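Enquirer: quick one, what's the 3D model for this:
(chains A, B, C and D)
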Amino acid sequence: MNTPFRAPGHGRVDRDTALSFTFDGTAYTGHPGDTLASALLANSVHHVADGIKYGRPRGILAAGAEEPNALVQIEAPFPEPMLTATTLELYDGLVARGLSGQGKLAAEPDTARYDTMHAHCDLLVVGAGPAGLAAALAAARTGARVVLVDELPEPGGSLLGSQELIDGAPALTWVDEVLTELADNPDVQVLSRTTAFGHYDDGLVLALEKRTDHLGAAAPAHVSRQRIWRIRSRQIVYATGAYERPVAFDNNDRPGIMLAGSARTYLNRFGVLPGSRAVVFTTNDSAYPAALELADAGVRIAAVVDVREEVPEHWRTACAERGIGIRAGHVVTGTSGIEHVTRAHVAPFDQGNLGERQGVDCDLLLVSGGWNPAVALFSQARGTLRYDAGIGAFVPADGPGNVRTAGAAGGTFTLSGCLTDGVDAARQALSAIGRTGPETAPPATAPLPGGAPTRVLWRVPSPQDADDSPEGAVQFVDLQRDATVSDVLRATGAGLRSVEHVKRYTTIGTAHDQGRTSGVMTSGIVAEALGVDVADLGTTRFRPPAVPVSFAALAGRNRGELFDPVRVTAIHPWHVEHGALFENVGQWKRPWYYPRAGETMEEAVLRECRAARTGVAMMDGSTLGKINVQGPDSGVLLDRLYTNLMSTLKVGRVRYGVMCGADGMAIDDGTVIRVAEQEFLLTTTTGNAAKVLEWMEEWLQTEWPDLRVHLTSVTEHWVTIPLVGPRSRDVLALVAPDLDVDNDAFPFMSWQDTSVAGVAARVCRISFSGELAYEINVPAWYGITVWEALCAAGSGFGLTTYGTETMHVLRAEKAYPIIGQDTDGTVTPQDLGMSWVVSKKKPDFVGKRSFSRAENRREDRKQLVGLLPADERVLLPEGAQIIATSDIPEPPVPMLGHVTSSYRSDALRRTFALALVRSGTRRIGETLYVPLDGRAVPVTVTDPVLFDKEGARRDG
Amino acid sequence: MTVETPARFSPLAEWQDRLAQSPAGFQVRELPCLTQLTLRVQPGGAAAKAVESCLGVTLPGPLRAELSGDVEVLWMGPDEWLLVAPDGRQDDLLARLRSAIGDEFATVTDVSAQRTTLALSGDLVRTVLAQGCAIDLDPRVTPAGSCLTTLLAQAPVTLVVHDGAASGVRLLVRSSFASYLAAWLVDACTEYR
Amino acid sequence: MQLITCPWCGDREEIEFHYGGQAHIAYPEDPYALDDEQWAQYVFFRDNPKGPFAERWVHSAGCRRWFNAVRDTVTHEVLAVYQAGAERPAITSTAKGQEASR
Amino acid sequence: MHRDTAPATPGADLPDHPEFLWRNPAPKRSYDVVIVGGGGHGLATAYYLAKNHGITNVAVLEKGWLAGGNMARNTTIIRSNYLWDESSGIYEHSLKLWETLEEDLDYPILFSQRGVLNLAHTLQDIRDSKRRVYANQLNGIDAEWLEPDEVAKVCPIVNISPDVRYPVLGATYQPRAGIAKHDYVAWGFARRADAYGIDLIQDCEVTGLDIVDGRVRGVQTTRGHIAAGKVALAAAGHSSVLASMAGLRLPLQSHPLQALVSELLEPVHPTVVMSNAVHVYVSQAHKGELVMGAGIDSYNGYGQRGAFHILERQMAAALELFPVFARAHMLRTWAGIVDTTPDASPIVGLTPVEDLYLNCGWGTGGFKATPGVGWCFAHTVATGEPHPYNAPFTLDRFTTGALVDEHGAAAVAH
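Expert: Reported below is the predicted structural model:
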């Protein structure tokens, strides 16, 4: 395959292998090593997209991440929105199209893998150009642990796109030598196709490695497509290079207009000629090598237009040798051609005044307005920038002690300077962490001929008469946002003085390229318009990410079942096997109910409830938090944290307790058993286990460190099985032959150690249902065994397993509140009707003082009551609001409270609810109303305890 | 009623087969039902000395584990250690320790079923763990005998380095998180199959 | 992600810790000697400085110990860590950008 | 300039700003009212002081550039479906003002009533959500409960599969809720305030408050001393720092809150989706970028920077809800400083210092309140008495215990 725009003898692409791809519906071929952009240019495709606002044809301006025009949508092998053609490695089968603004997401799920890797090092070097390689090598030779990341498929950076010599040989020979040495060093890791995008606190740098993107459809499915590297480095050297910036002139957006350095890259890295007849417009020396190398490769250089009057002699000579005319003191004022540039308009430029214009035919207009150091990461690291008026760019000023720049990123633009800078930066970085080693000398480069300073030029004035521009003269600043010089001037005219405001007014710098080619230019134009110094105006702030990063890469492997840990109890496999449906409670999966074939949820729950109230039922209560409290002062601690007295609890007994926050609001509840004189075991609600332990530790460690108490979580050591119902005693007796289950021998709110199904167990007589009930605790690994033994023992009694829904119904019938369901952080124990749990004897406990605040003393606080709908079939929705009147007035309607829990009760043969109601206790007996679908449903306020008020059932 | 020895099921009993299929360079197996006791004692005091003499080891300092005896001692906090011993030793150890402690203020709690243990070995161990562990596992930084309570992905773990190349690592994980961790490890190995 | 230095476990990633707000807020010796406004100060009001701030942290995913840190709320730099109950060390200015000796 | 062709990408463009926005006056030596903080709240307060109360001898002092703080950093969600009467009162007042704000300001603020979904993922979420819906309806606020299939009708790309880690069990929906373009809103207020003769003074940091005999007399600034009859603080995350200049200690903590945008995408997301349980909220802005936020960073921070793990978590959550986002790209991230109170409700009103007024503690809810609080705060400053809508939000409530606890009620507070 031969194309006229491939330069023989140039480039690093593999011309022996052809890759087929499709762009905008047309099939082309390219080669391994190409980007989509280089392959398009090689096929003479220049119009790749249309401008977002004006729809004007756009081409390829750059060769890297700074590209503002050539945005593409990948259609196959898998759709991906908005990538720059200049960074998209070509692969066989790629189907892409040019984008003018909005990308498109795939409708089908992305099945690729993404992952994350942590790395640690003494020195992280970002960028494997000359400065970065020199830094990495120097550091590696001291024995330091080094990570070198680079965004390109192969190291070398700018050297890949130039024809420079190091140690008298092509620079890439030196690159190969360095890489060989680094590869042999086990403490060095070189990551190509890896772009550092975020600098976070304490030396954390995030980098995105594109591992299989370049393989297209051939990417192996089991290898992660992209990987986020979290690199924690003691020292960091940003050798991130510089971006060339254009100059604004009329119609500076035509396809065929390209940054000069990028053209050089296309020639040297890809062997691609971006045109056949070129005009080179520059403000500095860097465009000359581009002109000369392109000329040597066969491009006709129609003119070099240099805004400077003084052009260094050696450039004049070299151009003359190739017949290239230099127009010093001239500028390009505009272009012709719509689909492609056909002519550059050149005029003398003296003291800001344009002379007579002359057209120069060309199909390629190369522009260099100077170079902006790539300081985004340095700036993210809170490095400060200063404006260097000599080069017209912001350069690093002060950095934090662990961050440095090297090479062009620091404003050093010569090869020898970059190499020396890299070595120096590494030495300084290592010395900052007290590491020394053999000195590495930078390699030799050819002596530099004298250069001339850059002439800082942001824009060329628009000629008065723009008749030859049929569509009018437009000077673009941000090509991707289609924002123009006149937009900027309109912004300053509107009164805007801050670059941040101008950016927002014009949208400059907000697009995909983050304003790499437009940011500094905007500052320059605004400064000119306002007559202030660019240095005083500053530039906009750099924020992560430095390059766009896919959502999926950031999510990594935290997807699907790994999105959030699923916590399960030891009996979980049994529940799954027996058809339980599960409820998420925090990270736990809890059985919700166990439907039988053909059963609705309502039927299943009524059946489970009936079993618990009339026979025997059991559930898996293992998720309850369990905290072992040991030490001589355990009782003192618990007295301070629970609202009631715990220190008086007798060994062998159990007590219910409530904890409040300092604000007096109930935060958790559970049972406390006294295991021994100096040992308690308390339970917390499932969702609050970790929080309660941490909270108790906070008080213990920070407030009362003198208390001799140790707290240990034993939540998962124990499996907890509530065995509930009038026949529970019979079942327990079968599996616990050593236990005297008689009510007197084993009374309510006591516990005993015994053997259950052959397993050492602790059995508590507590009840969350009002029924006779036992809570059987065994070490978790016996959980299924004991559970199944209970199933077997209970089979003759119709033992039924039940889930959280039935638990809720049973407890609600008895008005046992669920913290977090019947409370919302604004409810005190008194509001719950549990004044009995608030000790009057204790001088203080956490929360007590808040009970005497004005709001707490109000008579009309919301209190927990029962609600019975007048129609006993009506199930009130939980969350429904309660009002006083049977007609619903116009909003705002005064609300008295809300339904916190609502169920259909098998025991009551009707529906019922719990509610928090203003002055609820006083309203018992009243009829209130619940507005539902525009209708006020009458309900009777009742005592919250609706079943077995006398507590007759708890002893069986 | 005669009772056979009741059956026990470790948290990863159902994962054995999947864990056994790990790639070359990464072996993982559960060490189920180890004896584990939480010891809380002020270091250097009389109770600590009594415990040390009872166990025949010195309680290790921060981030260290004492792995030489048949009771391994893992540092968990400034006054907290996890004693790890072979299956079935809890009653005996509890009794011995409590008797050694006597009336001093120190506590021992049986937490044997609170966590299960995974034994990892092979050349890929560090690489696989580096996908989810933010701590530098380079043997120069985290040598054998290191004991780190930290996060592995989203699971709280105690990571004990058993040999110098960090290729022999124990992970102690709360029982309820064990299946998450197993799923995470199996998934992390996908690339190396 | 910040590194927080646990006095016992050393530098760990921020996700291993829980934040406890301002340090050195003692539970009032006699809450009943305070009027409601003074009690509200204890319950709800905390300093919120821009700059060094003595804070409480707990190494939740590690050794479970509460400790104090002086951290700069602008730079996020941890300037000192010390055990609960210890005096706040004198921090006069932030050693901005220095690789701290931790 | 004329266009060569029609815009290449419909919708990817924004309306132009006016030719003139504001003067850049030097500060005068004295004003009737000095508003500290040139964000949305400060600018709206200035506007309503002039419009509703005829008070125009006013300066708005901004330490940086106008609306460059949280106003430039939020995710622009507007809704009023808060639980408690007090909150829904002021937010609904605000939403009503939003509905006519474009005409009122004569500025294309791109207010788009595309609806907001608050997803429920647990049974308790459902209870809390329905509680809020029922309360909203009785307060005259449009609110509905949607079952999962109805959620998918409103936003087809939400994954309502029951087989995910935290399935969508339903959602509350407020159709009148939506988004607006934040800069346009702020600039709209600023332009009208300026037109009333109010001085908007940038790069003017307040360094001290003059308080004589318990009364505020003026402010010290980096641009000199400015006398003031009244001083109104509207400084969001920096409120504690300013209040301390008056010797006031506030129940505020300033936290980083991060947000991010993607590249511009063809329309896929027609509404606003918020999920408290998996910590993410998402809308697609006018130009096509996905705008996303998450929970606040846990610690105090003034650095306008947050931690990376928050973003990672947010992305994982987003992909659980919206699998189609997998290959969208995070383009820019940023952080604001939100001032949070113990009950997640604001503090708006008088202070113990005479003629010093306070508006702070909006946490993550400040943007949506902009016109409403501007209206009420202007009333408070002008009359010396709180407006009925901000009367419940006193500093005193922390003493009495009469909190307006919005996070206890599990409302998504963004």
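Enquirer: show me the residue sitting in the middle of chain A in space.
Expert: By CA atoms, centre = their mean, chain A has its centre lying nearest to A:Leu554, at 5.5 Å.
Enquirer: tell me where the model's unsure across chain D.
Expert: For chain D, residues meeting the criterion pLDDT under 70 lie at D:1-12, D:408-414.
Enquirer: quick one, helices of it?
Expert: For chain D, the helices defined by DSSP state H cover D:40-53, D:85-105, D:123-138, D:148-154, D:182-195, D:239-245, D:308-321, D:366-383, D:397-400.
Enquirer: could you dump those helices into CSV and include mean neighbour count?
Expert: (Glycine included, C-beta is placed from N, CA and C.) Listed next are the helices of chain D as CSV, based on neighbours: other CB atoms under 10 Å in any protein chain shown:
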stretch, mean neighbour count
helix D:40-53, 27
helix D:85-105, 20
helix D:123-138, 23
helix D:148-154, 16
helix D:182-195, 25
helix D:239-245, 21
helix D:308-321, 24
helix D:366-383, 26
helix D:397-400, 21
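Enquirer: distance to A:Asp639 added to the ones you listed, as CSV?
Expert: Shown next, in CSV, are the helices of chain D (distance: least, CB to CB, whole Å):
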stretch, distance to A:Asp639
helix D:40-53, 47
helix D:85-105, 37
helix D:123-138, 31
helix D:148-154, 47
helix D:182-195, 52
helix D:239-245, 36
helix D:308-321, 39
helix D:366-383, 43
helix D:397-400, 28
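Enquirer: isn't the residue nearest to the centre of chain A right up against D:Met315?
Expert: Yes - the pair A:Leu554 and D:Met315 qualifies as a contact (CB atoms under 8 Å) at a distance of 3.9 Å.
Enquirer: between these two, which contacts overlap?
Expert: Residues touching both A:Leu554 and D:Met315 (CB atoms under 8 Å, 6 or more residues apart in numbering or on different chains): D:Met330.
Enquirer: measure the residue in the stretch 1-150 of chain D that chain B sits nearest to to chain A for me?
Expert: Residue of the stretch 1-150 of chain D nearest chain B, by CB to the nearest CB: D:His121 (17.3 Å). To chain A, D:His121 is 7 Å away according to CB to the nearest CB, to the nearest Å.
Enquirer: contacts only, for that residue.
Expert: A:Asn584, D:Tyr166, D:Pro167, D:Val168, D:Leu169, D:Ser275, D:Ala277, D:Val278.
Enquirer: if we go to 10 Å?
Expert: Residues in contact with D:His121 (CB atoms under 10 Å, 6 or more residues apart in numbering or on different chains) are A:584, D:164-171, D:275-278, D:320-321.
Enquirer: now the helices for chain B?
Expert: Going by DSSP H, chain B shows helices at B:16-20, B:46-55, B:90-101, B:125-130, B:178-188.
Enquirer: and the helix ranked longest in chain A, anywhere near chain B?
Expert: The longest helix of chain A (DSSP H) is helix A:415-432. No - Helix A:415-432 is not in contact with chain B by CB under 10 Å from any CB of the partner chain; minimum separation 16.4 Å.
Enquirer: sounds good, over and out.
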